[in-house]
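A.B. asks: generate coordinates for the sequence data below:
(one chain, ligands or ions: 1)
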Amino acid sequence: MKYDINKVRAEFPALKRTWNDIPIAFLDNPAGTQVPNRVLKLMNAALVDYNANLGGFFKTSQDAEALVIDAHKIAAEFVNAYDFREIFFGQNMTTLTFMMTRSLAHTLKAGDEIVLTRMDHEGNVAPWLLLAEEKNLTIKWIDLNPDTYELDLSNLDTVITEKTKIVAVNYASNITGSITDVKQVVTAAKAVGAITYIDAVQYAPHGIIDVQDIGCDMLVCSSYKFYGPHQGIMWARKSLLEKLKAYKVRVSSDELPEKFVTGTESREALAGIIGALEHFEWVGSAFGGDLQAALSGRNELQSDIQAGVRKMTQHDMTLADQLISGVKSIKGTKIIGIDDKNSFSRRVSTVSFIHDKHHPDDVAKYMAKRGISIWSGHNYALEPIKRLGLLDKGGVIRVGPTHYNTAGEIDRFLNAFEDYVKND
Ligand SMILES: Cc1ncc(COP(=O)(O)O)c(C=O)c1O
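C.D. replies: Residues are numbered from 1 along each chain as shown. Predicted coordinates for the structure are as follows:
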């Protein structure tokens, strides 16, 4: 069946919201998406039907335990994990990363090197900087090319050396939208025996994740960026998790995944993650029939999830194209990212730009008054914003269409922006 935007939108109660009688256009998706009914329903059920702690002999406890296993299993399909025990959950990507630095600290000694990038969000920078400070490690950087808005991978062999122990890199940038060739980075890191840590937060709503194909050791994402609740998801290679020291209470199990579960999990969030991933599955099975043959999912659920991701991306990249060409046609603007349609396979629909006369915050405030939600500023991506010389200019204006947005909403934004700048 052809992609039916009305059917998709009907799944999301928030999309009916108005503000001052104006329908809200949610174009703030790179910072967090709205939530479909199936997420709300499952979260509600977790708090009504399965609300008990784990390990009890009674029905609600056993049901809660089954829910936790289901969440691990569907998340394992989402990233193509080898084993569902390689998945664990946490408050968000940043907290999971801080937690992992505690464990990895035990594998490092003074003088060891960590490689970071000038493209990454603070969530994949600050935890490593603090670890380096604490253990006397050296940080090396993969540069962001300010002309192409992509990472400069041309001199990887000088940045990643025998001294490199960890390489932390993002899959897609929350500023430029560029997709990193993570496989290339992982191959270079593996050649020297370094651990690879992939931040897939911005990529996960827009691309199929396959940790086996990438060959990485750890990968993190956050379900509130793809229609779920505020909760982080981590995948890590079983053999590595087994070796690492866990910061855990003495009575909790050494078995995976419990080894890395600190205290009581938000099971309502885990239920919501199941709902979010079932939403991908629904989009894939309802509208992605034409894509199934080209996909190599290992089972029907995974194929449907993958077809869902692809369908959503086809839609959001059409809107990104409309948005980028519309912005480019307005005098004084500059897209901070790949703007050539022929290279769109190297980017996601997270679109940032600047205007030579207007502060990003002023544009975002103007849009807010018209019921259009967008972001401005550094968006916690300090490194790229500094590297692009935009920190003292207020960062960027960031607009991020997703699979439930419409061409009409993009037009609304473009018309409002044209109105805003018309007297320049
Ligand atoms: C690329 C990227 N990495 C990391 C994060 C941080 O994620 P969390 O809020 O789950 O800690 C974000 C959030 O915007 C992001 O876009």
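
A.B. asks: quick one: contacts for the one residue in the stretch 301-424 of the chain that gets nearest to the ligand?
C.D. replies: Using CB to the nearest ligand atom, the single residue of the stretch 301-424 of the chain nearest to the ligand is Tyr380, 6.0 Å away. Just so you know, the C-beta spots here come from the backbone N, C-alpha and C atoms, and that holds for glycine as well. Tyr380 makes contacts with 121-123, 174, as judged by CB atoms under 8 Å, 6 or more residues apart in numbering.

A.B. asks: cool, Asp321 as well?
C.D. replies: Contacts of Asp321 (CB under 8 Å, 6+ apart): 341, 344.

A.B. asks: circling back to that earlier point, what helix or strand is the residue of the stretch 301-424 of the chain closest to the ligand located in?
C.D. replies: Using DSSP states H and E, Tyr380 is not contained in any helix or strand.

A.B. asks: secondary structure class of the nearest residue to Phe417 once chain neighbours are set aside, three-state.
C.D. replies: For Phe417, ignoring the flanking residues on the chain, the nearest one in space by CB to CB, 6 or more residues apart in numbering is Ile330 at 6.3 Å. Secondary structure, DSSP: H, G, I helix; E, B strand; the rest coil: Ile330 is coil.

A.B. asks: which SS state does Met234 fall under?
C.D. replies: Assignment for Met234 (three-state DSSP): strand.

A.B. asks: count the neighbours of Ala364 for me.
C.D. replies: Ala364 has 20 neighbours, counted by other CB atoms under 10 Å.

A.B. asks: just the pLDDT for it.
C.D. replies: pLDDT for Ala364: 98.

A.B. asks: please apply the same query to the one 4 residues further on.
C.D. replies: What the model reports as pLDDT for Ala368 is 97.

A.B. asks: mind checking how far it is from Trp375?
C.D. replies: 11 Å (CB to CB, to the nearest Å).

A.B. asks: looking at the two, which is more packed in?
C.D. replies: Neighbours were counted for Ala368 and for Trp375 using other CB under 10 Å; Trp375 has more, 24 against 14.

A.B. asks: can you pull the contacts of the more buried one?
C.D. replies: 28, 30-31, 364, 397-400.

A.B. asks: then Val185?
C.D. replies: Val185 neighbours (CB under 8 Å, 6+ apart): 142, 153, 156, 160, 167, 169, 196.

A.B. asks: highest neighbour count among these?
C.D. replies: Val167 (29 neighbours).

A.B. asks: can I assume it is in contact with Val192?
C.D. replies: No: counting by CB atoms under 8 Å, Val167 stays clear of Val192, with 9.1 Å between them.

A.B. asks: which residues do those two both contact?
C.D. replies: Common neighbours of Val167 and Val192 (CB under 8 Å, 6+ apart) are Ile160.

A.B. asks: quick revisit: could you list which of the contacts of Trp375 belong to helices?
C.D. replies: For the contacts of Trp375, membership in helices holds for Ala364, with DSSP state H as the criterion.

A.B. asks: and the ligand, which of the contacts of Trp375 reach it?
C.D. replies: Ala31 (CB under 6 Å from any ligand atom).

A.B. asks: using TSV, lay out the contacts of Trp375 together with distance to Pro229.
C.D. replies: Below are those laid out as TSV (distance: CB to CB, whole Å):
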residue	distance to Pro229
Asp28	17
Pro30	17
Ala31	15
Ala364	25
Ile397	28
Arg398	22
Val399	24
Gly400	19
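
A.B. asks: who wins on neighbours among the contacts of Trp375?
C.D. replies: Val399 (33 neighbours).

A.B. asks: mind checking how far it is from Met312?
C.D. replies: Distance from Val399 to Met312, by CB to CB: 17 Å.

A.B. asks: quick one: contacts of the helix or strand hosting Lys41?
C.D. replies: Assigned by DSSP H and E, Lys41 belongs to helix 37-48. With CB under 8 Å, 6+ apart as the test, helix 37-48 has contacts from 11-13, 64, 67, 227-229, 267-272, 274-276, 278-279, 282.

A.B. asks: immediately after that helix, which helix or strand?
C.D. replies: helix 59-79.
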